[in-house]
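A.B. asks: My questions are about this predicted structure, shown below with the sequence.
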Amino acid sequence: MSLLSVRNLEKRFAIRGGILRGVKAWVRAVNGVSFELEPGKTLGVVGESGCGKSTLGRAILQLDPPTSGEVLFQGESQIGRSRSQLMPFRREAQMVFQDAYEALNARHTVGRILTEPFEIHQIGTPDQRLEWAAGLLERVGLPAESIDRYPHEFSGGQRQRIGIARAIALEPQLLVCDEPVSALDVSVQSQIMNLLMDLQRERNLAMVFIAHDLAVVKHLSHEIAVMYLGSIVEIGPAQALFNAPKHPYTRALLDAIPRVDVTQEQPLKPLEGDVPSPINLPSGCAFRTRCPHAQPSCAELTPTLEGDDHRVACHRAADLSL
Amino acid sequence: MTLLRVQDLSVSFTTERGRAGVLDGVSFELAQGETLGLVGESGCGKSVTSLAITRLLPKPSGQIDQGQVWLDGVDLLTLPASEMQKIRGPRIGMVFQDAMSALNPVKRLHVQMDESIRLHAPHLTRAQARDRALELLTDVGIPSPQMRLNDYPHQLSGGMRQRVMIAMALAGEPDLLIADEPTTALDVTVQAQILMLIKRLQAQRGMAVIFITHDLGVVAQICQNVAVMYAGRMVEQGPVKTLFSHPKHPYTQGLFNSIPHLDREPLTPLPTIEGLVPSPFEMPPGCRFAPRCSQASERCVTTPPLQQKDKRTLACHEVAL
């Protein structure tokens, strides 16, 4: 059984206007996303800004309750639950945010930040909680005396370590990481990536790793989902997806990465145009307006994910060699 | 021919905690039509370098302590402010990371473009300036520019705003374009569009470009030469082709090793550079990378000599060029 099953998840936001604040339009941020995640594995979620990857992360954890669809954790539905009913799930599924400075209360000491999860879930005595907090600091590679300091006294990378320490405090089985390294310098980024990979091995953690940097996602993920305008357009084992992409959008993303290797000439092949608005999605395949392989028929039907391990949502997948 | 020569440039900032030396003896040269990548991590001084060249350091906290900036044989640092005003725009154009805050949010594009065009060409009429704006917007690849001229900045996507910024920087037909992280806030497909645009414009106009970035891949794509900075100093410079295939400075090597590029074996530990960048208030003596360097020895407490060979320079005691 999968640890996490997400089925046909949708999240729409209403755009209101007029005197009566009536709904004028819907932003379809997440538009029918399904996947399974096993313990100890990482699903990388990539896509450009506005593709719905962050909303997906928040909808999985019920931080922004989904509009429709199903989220099963260990086989149990987490949809439509009250705050208190969500407590067991919240203990098992935690989030790491991009901006650790905003995610940590600036007026609390690191000790208070790290003991709070135990307090909320009423675990241990105050002394035990402090002891555990010290253990967490050590685990994420921060000195023990950090416990009396405030978030602003730390560098960006150190703050992300505090954010990770808080996320693993209750020994969860699932971490949703939303761009955890994108605000960090490369030398620090690699330290945090190593920490996350170590923790995963140690604790058999499952991770949903959301990022726009394909190289980062590829390094950390077992499976990768590529999102475009709220939908997964391609999902598959990390190696297969990078070595033999099947969706023209995945191909375009890979071709747009500036490679460091100067021994091979690999000119960038930019995709034309901008991402359309998620308010008025193009008919049929949402990518067709930018797709170099689009045909008139692509405007008619919305493609669905097809395939076994490596699935792609493209009408032309069978006759394209990308 | 040399267009820009920066010599021994040092900059400090006065803060509540005292004086912070953020640039220390930075030197480099740029030929006409050349693209130089200025790379390093946050706080290394790459943006301060560009602000010092254009004399846009925040006042009164930022101060140039020493050095010269020669543009075609004129030391910009000795020019009166009114003369410097004539350099920014017609000689040196600038593009910043955050186009949204560089553009005025309450003015339509044609008003802002008119300003920057007629500031440097006051003889143009409003109608001529509008034609020029259309020409520039077309040149940077903005679709239906006539319609766009009446837009406010928030009506444009991030990539479009950055194109408008580039169009405005080109209005003065500068010999040198300084682009400070112009693609960092953009998505990868849009970044590729902007990089190709800068490359094309540069080839068409024979402009020199200083491209400030933390992304080594971007440098590999569009720069001929690269200068690597660490903690306010230049550690290594040279042609991208040779420097990227054989980085010499332990810091540059560390940077290359820690990038999770696509050809690396996945789910394996990445090499890291241990420790943290030193604070500008407590710079280590001698080589500033020494406290984090695996190859450091006792002689690294003195300032490393500058080695020069085959168009490359290196500031290191332990590694020979």
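C.D. replies: In hand now; what should we look at?
A.B. asks: Quick check: end-to-end length of stretch B:245-260?
C.D. replies: For stretch B:245-260, the separation between the terminal residues is 17 Å (C-alpha to C-alpha, to the nearest Å).
A.B. asks: Figure out how far that stretch is from the centre of its chain.
C.D. replies: Distance of stretch B:245-260 from the chain centroid (C-alpha atoms, centre = their mean, to the nearest Å) equals 20 Å.
A.B. asks: Now that stretch: average pLDDT?
C.D. replies: The average pLDDT for stretch B:245-260 rounds to 94.
A.B. asks: again, but for stretch B:8-21
C.D. replies: In the prediction, stretch B:8-21 has an average pLDDT of 93.
A.B. asks: Show me which parts of it are buried, residue by residue.
C.D. replies: Neighbour-count burial for stretch B:8-21 flags B:9, B:10, B:11, B:12, B:13, B:20, B:21 (criterion: 16 or more other C-beta atoms under 10 Å in any protein chain shown). Backbone N, C-alpha and C define where each C-beta goes, glycine included.
A.B. asks: try stretch B:220-238
C.D. replies: Going by 16+ other C-beta under 10 Å, stretch B:220-238 has these buried residues: B:220-223, B:225-238.
A.B. asks: Restricting to C-alpha, output that stretch in CSV.
C.D. replies: Presented in CSV, the C-alpha positions along stretch B:220-238 are these (Å, rounded to 0.1, in the frame of the first residue of the first chain):
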residue,chain,number,x,y,z
ALA,B,220,28.9,29.2,-19.7
GLN,B,221,26.2,30.1,-22.2
ILE,B,222,26.8,33.7,-22.8
CYS,B,223,30.2,34.9,-21.5
GLN,B,224,33.7,34.8,-23.1
ASN,B,225,35.5,35.7,-19.9
VAL,B,226,34.7,35.2,-16.3
ALA,B,227,35.8,36.7,-13.0
VAL,B,228,35.1,34.7,-9.8
MET,B,229,34.7,36.7,-6.6
TYR,B,230,34.8,35.6,-3.0
ALA,B,231,34.3,37.8,0.1
GLY,B,232,35.1,41.1,-1.7
ARG,B,233,38.1,39.9,-3.7
MET,B,234,38.8,38.5,-7.1
VAL,B,235,40.0,35.0,-6.7
GLU,B,236,40.3,33.8,-10.3
GLN,B,237,39.8,35.2,-13.8
GLY,B,238,40.1,34.0,-17.4
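A.B. asks: Report the central residue of chain B.
C.D. replies: Note on chain B: the residue nearest the mean C-alpha position is residue B:212, at 2.7 Å, using C-alpha atoms, centre = their mean.
A.B. asks: Grab the most central residue of chain A for me.
C.D. replies: A centroid search over chain A (C-alpha atoms, centre = their mean) returns residue A:210, at 2.7 Å, as the residue closest to the centre.
A.B. asks: Chain A: which of the buried residues of stretch B:8-21 is nearest?
C.D. replies: Checking the buried residues of stretch B:8-21 against chain A with C-beta to the nearest C-beta, the nearest one is residue B:20 at 15.8 Å.
A.B. asks: how many neighbours does residue A:263 have?
C.D. replies: 9 (other C-beta atoms under 10 Å in any protein chain shown).
A.B. asks: do you know how far it is from residue B:271?
C.D. replies: Per C-beta to C-beta, to the nearest Å, residue A:263 is found 20 Å from residue B:271.
A.B. asks: quick one on the thing from earlier: distance from the chain centre to the host helix or strand of the residue nearest to the centre of chain B, please.
C.D. replies: If you go by DSSP states H and E, residue B:212 is part of strand B:208-213. In this view, strand B:208-213 has its centroid 4 Å away from the chain centroid, taken as C-alpha atoms, centre = their mean.
A.B. asks: same thing with stretch B:213-222?
C.D. replies: With C-alpha atoms, centre = their mean as the basis, stretch B:213-222 stands 11 Å off its chain's centre.
A.B. asks: can I assume residue B:138 sits in a helix?
C.D. replies: Yes - checked against DSSP: H, G, I helix; E, B strand; the rest coil, residue B:138 lies within a helix.
A.B. asks: of the buried residues of stretch B:220-238, list those near chain A.
C.D. replies: B:220, B:221 (C-beta under 8 Å from any C-beta of the partner chain).
A.B. asks: from the buried residues of stretch B:220-238, which ones fall inside strands?
C.D. replies: Those of the buried residues of stretch B:220-238 mapping onto strands are B:225, B:226, B:227, B:228, B:229, B:230, B:233, B:234, B:235, B:236, B:237, B:238, per DSSP state E.
A.B. asks: got JSON lines for those residues, with pLDDT too?
C.D. replies: JSON lines is the format used below for those (pLDDT from 0 to 100):
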{"residue": "B:225", "pLDDT": "97"}
{"residue": "B:226", "pLDDT": "98"}
{"residue": "B:227", "pLDDT": "98"}
{"residue": "B:228", "pLDDT": "98"}
{"residue": "B:229", "pLDDT": "97"}
{"residue": "B:230", "pLDDT": "96"}
{"residue": "B:233", "pLDDT": "97"}
{"residue": "B:234", "pLDDT": "97"}
{"residue": "B:235", "pLDDT": "97"}
{"residue": "B:236", "pLDDT": "97"}
{"residue": "B:237", "pLDDT": "97"}
{"residue": "B:238", "pLDDT": "97"}
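A.B. asks: circling back: phi, psi for the residue nearest to the centre of chain A please.
C.D. replies: Per-residue torsions, residue A:210: phi -100, psi 130 (degrees, to the nearest 10).
A.B. asks: Wait, it touches residue A:176, no?
C.D. replies: Yes - in this structure residue A:210 lies within contact range of residue A:176 using C-beta atoms under 8 Å: 7.3 Å.
A.B. asks: Find residues that contact each of the two.
C.D. replies: residue A:57 (C-beta atoms under 8 Å, 6 or more residues apart in numbering or on different chains).
A.B. asks: Just give me how far the longest helix seen in chain A sits from the chain centre.
C.D. replies: Assignment by DSSP state H gives helix A:186-203 as the longest helix of chain A. Centroid displacement of helix A:186-203 relative to its chain, using C-alpha atoms, centre = their mean, is 16 Å.
A.B. asks: One more: stretch B:227-239?
C.D. replies: A distance of 13 Å separates the centroid of the chain from that of stretch B:227-239, by C-alpha atoms, centre = their mean.
A.B. asks: again, but for stretch B:155-171
C.D. replies: 17 Å.
A.B. asks: same question for that stretch, mean pLDDT?
C.D. replies: On average, stretch B:155-171 scores 90.
A.B. asks: likewise stretch B:92-106?
C.D. replies: Averaged across stretch B:92-106, pLDDT comes to 88.
A.B. asks: do the same with stretch A:171-183
C.D. replies: When pLDDT is averaged over stretch A:171-183, the result is 95.
A.B. asks: Kindly check the end-to-end length of it for me.
C.D. replies: The separation between the terminal residues of stretch A:171-183, taken as C-alpha to C-alpha, is 26 Å.
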